[in-house]
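Asker: predicted model and sequence below, questions to follow.
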Amino acid sequence: MAADDRLSPLSTPGATRLVLEAHGIGTKYTLGQNFLVNDDVLKKIVALADVQPSDRILEVGPGIGTLTIALLKHAASVVAVERDPDLPAVLADTLAPWADRFALIEKDALDLTEADLPLVPNKLVANLPYAVAATVVLDYFQNFPFLESATVMVQKEVADRMAAAVGTKNYGAYTVKLGMYAEPAGRFAVGPGNFFPPPRVTSAVIRLNRRVPRMADGTPATPEVVAAACLMADAAFANRRKTLANSCKTYFSGCNQPVDLPALFEAAAIDPKRRGETLTQQEFLALGQALLG
């Protein structure tokens, strides 16, 4: 593939190494830095995210700007969050041709607030630092209601948890809580050889579309019910091998305000002898509503 056919000129090991050497920096294992060096993967990310000319993209962990360039070629603008103090100077260099459509926030992604954003992004597209990937995706769907979708590179096991079906081994409290806000809408695998340096894990890019959770009667769940349902998910999976009754009893034993669990299960019409992994999202919403009631 000729350089001018590439979506990003940085999408090769050689180009990535030259940028890092030019700025006198190396990859930082502690920050989970593995730079994407396959242009075909970049094209698949942009396609899965369905990046349009009107889109305002939020990116977390832009690195040296490899994916950022691909996004800027398709979107209206990109705002990125980066905590590595060595990278702003690199990005100022690599993204110079698009400086008028790119903004950088120098901050830990987990501390990002709406007030930090210079514009209102409608999509999250990122090769996420794997140590914080699951937390970032859930937090952003919870706290940034203007995000319509997230298309993110994560560890394969994290993608499995994000998209797990009821009753499977990967279905847990995280799956339930994320499912209150978003639903999977496509994914593809990415092997270690597509990165510099190669990580020790297999990756996946997954797209999640925002959704509105609904009660059994079809009405949208209120934010209060959703929050209570998330709490009940944590309680139900506090001990996966126990029944709902026992797991919730353990979870709520340290609470200042006692919870009448038999009454709660009766109000939600849920058998307390069941296990958390057998409950659907609507059943967790029913538990959340009963908890509030």
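Answerer: Sure, I can see it.
Asker: all strands of the chain, in order?
Answerer: Secondary structure of the chain by DSSP state E: the strands cover 35-36, 56-60, 77-82, 102-106, 123-127, 149-155, 182-190, 195-196, 203-210.
Asker: with mean neighbour count added, can I get those strands in JSON lines?
Answerer: Quick note: C-beta positions are derived from backbone N, CA and C, even for glycine. What follows is these, written out as JSON lines (neighbours: other Cβ atoms under 10 Å):
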{"stretch": "strand 35-36", "mean neighbour count": "24"}
{"stretch": "strand 56-60", "mean neighbour count": "24"}
{"stretch": "strand 77-82", "mean neighbour count": "23"}
{"stretch": "strand 102-106", "mean neighbour count": "18"}
{"stretch": "strand 123-127", "mean neighbour count": "27"}
{"stretch": "strand 149-155", "mean neighbour count": "25"}
{"stretch": "strand 182-190", "mean neighbour count": "17"}
{"stretch": "strand 195-196", "mean neighbour count": "22"}
{"stretch": "strand 203-210", "mean neighbour count": "20"}
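Asker: so which of those gets nearest Ala133?
Answerer: strand 149-155 (4.4 Å; Cβ to Cβ).
Asker: tell me the angle the closest one makes with strand 56-60.
Answerer: Between the axes of strand 149-155 and strand 56-60, defined by axes from the mean of the first three to the mean of the last three Cα atoms, to 10 degrees, the angle is 20 degrees.
Asker: so Ser247 makes contact with Ala238?
Answerer: Yes. Taking Cβ atoms under 8 Å as the definition, Ser247 is a contact partner of Ala238 at 4.8 Å.
Asker: neighbour-wise, which of these two wins?
Answerer: Per other Cβ atoms under 10 Å, whichever of Ser247 and Ala238 has more neighbours is Ser247, with 21 against 18.
Asker: check the gap between the more buried one and Asn256 for me.
Answerer: Distance check for Ser247 against Asn256: by Cβ to Cβ, to the nearest Å, it reads 20 Å.
Asker: can you check Leu7 too?
Answerer: When distances are taken as Cβ to Cβ, Leu7 and Asn256 turn out to be 54 Å apart.
Asker: more neighbours: which of these two?
Answerer: Legend: neighbour count by other Cβ under 10 Å for Leu7 and Asn256, higher for Leu7 (21 against 4).
Asker: mind listing residues that contact the longest helix seen in the chain?
Answerer: Of all the elements of type helix in the chain, the one with the most residues (DSSP state H) is helix 223-236. Counting contacts by Cβ atoms under 8 Å, 6 or more residues apart in numbering, the residues outside helix 223-236 that touch it are 173, 176-177, 180-181, 213, 215, 221, 244, 247-248, 251-252, 275-276, 279, 281, 284-285, 287-289, 291-292.
Asker: and if you look at stretch 190-197?
Answerer: Defining contact as Cβ under 8 Å, 6+ apart, one finds that stretch 190-197 is touched by 13, 16-17, 27, 34-38, 41, 153, 198-205.
Asker: rerun at 7 Å
Answerer: Outside stretch 190-197, the residues that touch it by Cβ atoms under 7 Å, 6 or more residues apart in numbering are 13, 16, 27, 34-38, 41, 153, 198-199, 202-205.
Asker: now distance to Tyr140 and mean pLDDT too, for the strands of the chain, in TSV please.
Answerer: Listed next are those as TSV, based on distance: least, Cβ to Cβ, whole Å; pLDDT from 0 to 100:
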stretch	distance to Tyr140	mean pLDDT
strand 35-36	21	92
strand 56-60	8	98
strand 77-82	10	98
strand 102-106	13	98
strand 123-127	6	98
strand 149-155	7	97
strand 182-190	10	98
strand 195-196	23	91
strand 203-210	10	98
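Asker: in JSON lines, list those strands along with distance to Pro88.
Answerer: Rendered in JSON lines, the data for the strands of the chain read as follows (distance: least, Cβ to Cβ, whole Å):
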{"stretch": "strand 35-36", "distance to Pro88": "16"}
{"stretch": "strand 56-60", "distance to Pro88": "14"}
{"stretch": "strand 77-82", "distance to Pro88": "7"}
{"stretch": "strand 102-106", "distance to Pro88": "6"}
{"stretch": "strand 123-127", "distance to Pro88": "17"}
{"stretch": "strand 149-155", "distance to Pro88": "22"}
{"stretch": "strand 182-190", "distance to Pro88": "27"}
{"stretch": "strand 195-196", "distance to Pro88": "21"}
{"stretch": "strand 203-210", "distance to Pro88": "25"}
